[in-house]
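K.L.:
Have a look at this prediction, sequence included:
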Amino acid sequence: MPTLGEVLLDALKAHGAREIFGLPGDFVLPFCKTIEDSATLPFYTLSHEPAVGFAADAAARFHGGLSVAVVTWGAGAFNLVNPIAGAYAERVPVVVISGAPGVTERASGWQLHHMARALDTQTRIFAEITCDQAVLTDPRTAPAEIARVLRSARERSLPVYLELPRDLVGAAAEPVVPLPPRPAAPEALAECADEILARLAGAERPVLLVDVELRRFGAERAAAALARRLNIPVVTTFMGRGLLSADQDMVAGTYLGAAGQPDVTALVEGSDAPLLLGVILSDTNFAVSVRKIDMRRAMLAIDREVRIGHHVYPDIPLAALLDALLARAPAAPARVGRSFAPARYPHGLVADATALVPSDIACAVNDLFAATGPMPIAADMGDCLFTATEIAAAGLVGPAYYAGMGYGVPAGLGAAVATGERPLILVGDGAFQMTGFELGNCRRYGWDPIVIVFNNASWEMLRVFQPESRFSDLDDWGFARLADDLGGEGVRVRTRGELAAALTQARARRGRFQLIEAMLPRGATSDTLARFVAGFQAARARPAGSR
Ligand code: TPW
Ligand code: MG
């Protein structure tokens, strides 16, 4: 009979996990040995657990399935709380596997090292930020528990938690039998699809607003097909930026409310039938809007539910809904002619000696991609994320809703693993201070991302909201010079010409990470961030109730 460690790995793979990120410790050493010896899934170790969580999160986002974060109990797992909270908020199915004291140690009644308070403290904390959990203390029941937990992760596209006592890794266990997905009730699905199509057909200005759940459930092409069939424009949310990259002709842009392009904002806010597919109703997605969306007319599909007006259809998986809509949608376009212009992005950077501003970076990247093809992008929190919305859609991941700093660099490493392609990482100097050192792991694994550090020696995002505070001034750490010692190559650029040249050179050099440190003046923000701040302040200035 196989061991519990082995059947867990086989089950992860059978449920769509493709890789494991981790950081070993004694409570998880036996399982890490099984990971390595079995070679069921590739195993990448990083330097600090937050990076393990962010890398797994980004890998799951890019390949659209489960990813795995393996850590030791207590000191290791608690370091994973923030990335998993972010994954929960942004609906990413990361499987947390924590080693744990053995069942015999658990019974000893002693305080164990790494124990914060009680044996179950960690489990209870993770229960808040995962959708299903199991502590695998019995090899006989473990396979069924693993099956349930992994199905939950896939069905809800949320993180889950498994705790594996170290003395059970080698215990004999039956293979995990995957549970069948729970389907939608057919009549409810049919009624729901009919109601949506009737509302769309009766509307003058329908719009499809799409967000990350579409990618999580592999339903982007179906959404694009529906939009094409009905000739309805598609707008992505801020979170959903980069969705439908294979069907860009259908995408009118990114909805940023008052901070966005006015024609895109008008499409959404002026719609009399907005269909919101997988949309997280968050303040970054919506609060900057002046009028917001007319929610009485909106149809919202999220978390296996569809809300229309004042009623709810439960148990409607997003992919099943799209299939049902496509099966019923009229074959001929209801509207003739295109009523929207596809999104526009800045390009044609003048490569002269003018000092850089953030939007120049978007422009230079657009030029680079146009010349040499797109790259997957990982962006951190900060103005780099707003700048990323000015880059013509490639695959993009960023913490657009949870907004946690430190995501960008490790997420780029996860992107390298998940896509097999060379990623572009956009990160501010403040965020780079948090997790930039993870680039030191590139050489071991042969990753060679291009990293653009937006160095304004500042927490600029904080300064724009509270300009008087001196604590937002950071030191200039000279990141380009660090690159060599970490196994990469670095260059510092100050002008548009230097940036364009550095990007071309970075693209041509393979095998080592390429760090471009873009020196930006304090106080200079991207065009998008400037609009976001203006919209935010205008919303704040209005009396409550009129927002
Ligand atoms: C984990 C609060 C949001 S943005 C920001 C802070 C401190 C400054 C970012 O500085 P950076 O980028 O990276 O130099 P830029 O463009 O603003 O100059 N701790 C965490 N997450 C968040 N969001 C904060 C603090 C914050
Ligand atoms: Mg900064």
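P.N.:
Structure received. Residues are numbered from 1 along each chain as shown. Ligands and ions are numbered 1, 2, ... in the order given.

K.L.:
When you work out contacts or count neighbours from here on, use the C-alpha atoms and nothing else.
P.N.:
Noted.

K.L.:
Whichever residue of the stretch 1-150 of the chain sits closest to ligand 1: what's it in contact with?
P.N.:
Per Cα to the nearest ligand atom, residue 82 is where the stretch 1-150 of the chain lies closest to ligand 1, at 8.1 Å. By Cα atoms under 8 Å, 6 or more residues apart in numbering, residue 82 lies in contact with residue 50.

K.L.:
Model confidence for residue 505, exactly?
P.N.:
Listed pLDDT for residue 505 reads 98.

K.L.:
how close does it get to ligand 1?
P.N.:
25 Å (Cα to the nearest ligand atom, to the nearest Å).

K.L.:
how far is the helix or strand containing that residue from where the chain is centred?
P.N.:
With elements taken from DSSP states H and E, the one containing residue 505 is helix 496-508. The chain centroid and the centroid of helix 496-508 are separated by 27 Å under Cα atoms, centre = their mean, to the nearest Å.

K.L.:
name the element the residue of the stretch 1-150 of the chain closest to ligand 1 belongs to?
P.N.:
With DSSP H and E as criterion, residue 82 is part of helix 81-89.

K.L.:
That helix: what's the following helix or strand?
P.N.:
strand 94-100.

K.L.:
List the contacts of stretch 404-411.
P.N.:
Stretch 404-411 is contacted from outside by 51-52, 54-59, 86, 378-382, 397-399, 425-427, 431-432, 434-436, 438-439, 451, using Cα under 8 Å, 6+ apart.

K.L.:
on that earlier part again, could you say what helices and strands the helix holding residue 505 packs with?
P.N.:
helix 358-372, strand 489-493, strand 514-519 (3 or more Cα pairs under 8 Å, 6 or more residues apart in numbering; DSSP states H and E).

K.L.:
let's see 10 Å
P.N.:
Under the contact criterion of 3 or more Cα pairs under 10 Å, 6 or more residues apart in numbering; DSSP states H and E, helix 496-508 touches helix 358-372, strand 450-455, strand 489-493, strand 514-519.

K.L.:
mind checking which of these is nearest ligand 2?
P.N.:
Proximity to ligand 2 (Cα to the ion) singles out strand 450-455 among the helices and strands packed on helix 496-508, at 5.5 Å.

K.L.:
ok, and for whichever helix or strand comes after the closest one, which residues are buried?
P.N.:
Next helix or strand after strand 450-455 toward the C-terminus (DSSP H and E): helix 460-465. Neighbour counts over helix 460-465 (16 or more other Cα atoms under 10 Å) mark 460, 461, 463, 464 as buried.

K.L.:
Return the distance of the first one relative to residue 87.
P.N.:
The reference is to residue 460. Residue 460 is 25 Å from residue 87, where distance means Cα to Cα, to the nearest Å.

K.L.:
rewinding a little: can you say which of the contacts of stretch 404-411 are buried?
P.N.:
The buried subset of these - by 16+ other Cα under 10 Å - is 51-52, 54-59, 86, 378-382, 397-399, 425-427, 431-432, 435-436, 438-439, 451.

K.L.:
Mind checking which of those residues land in helices?
P.N.:
Mapping these onto helices (DSSP state H) picks out 51, 52, 54, 55, 56, 57, 58, 59, 86, 431, 432, 435.

K.L.:
Tell me the one of these nearest residue 413?
P.N.:
Of all those, residue 413 sits closest to residue 55, with 6.1 Å by Cα to Cα.

K.L.:
so the closest one sits right up against residue 67, yeah?
P.N.:
Yes: counting by Cα atoms under 10 Å, residue 55 does reach residue 67; the two are 9.0 Å apart.

K.L.:
Now list whatever residues contact both of these two.
P.N.:
Both residue 55 and residue 67 are in contact with 20, 21, 61, 94, 414, 418, where contact means Cα atoms under 10 Å, 6 or more residues apart in numbering.

K.L.:
For the second one, give me its contacts.
P.N.:
What that stands for is residue 21. Per Cα under 10 Å, 6+ apart, neighbours of residue 21: 42-46, 49, 51-57, 59, 67-71, 96, 414.

K.L.:
Work out for me the element the residue of the chain positioned farthest from its centre sits within.
P.N.:
The outermost residue of the chain, judged against the average C-alpha position, is residue 108 (41.4 Å), by Cα atoms, centre = their mean. Assignment of secondary structure by DSSP H and E places residue 108 within no helix or strand.

K.L.:
I'd like the next helix or strand past the helix or strand of the chain with the lowest mean pLDDT.
P.N.:
Sorting the helices and strands of the chain by mean pLDDT, DSSP states H and E puts helix 283-286 at the bottom, at a mean of 65. Toward the C-terminus, helix 283-286 is succeeded by strand 299-302 as the next helix or strand (DSSP H and E).

K.L.:
so what's the residue of the chain found nearest ligand 2 bridging to?
P.N.:
The nearest approach of the chain to ligand 2 comes at residue 458, 4.1 Å away (Cα to the ion). Beta-bridge partners for residue 458, by DSSP bridges, are residue 473.
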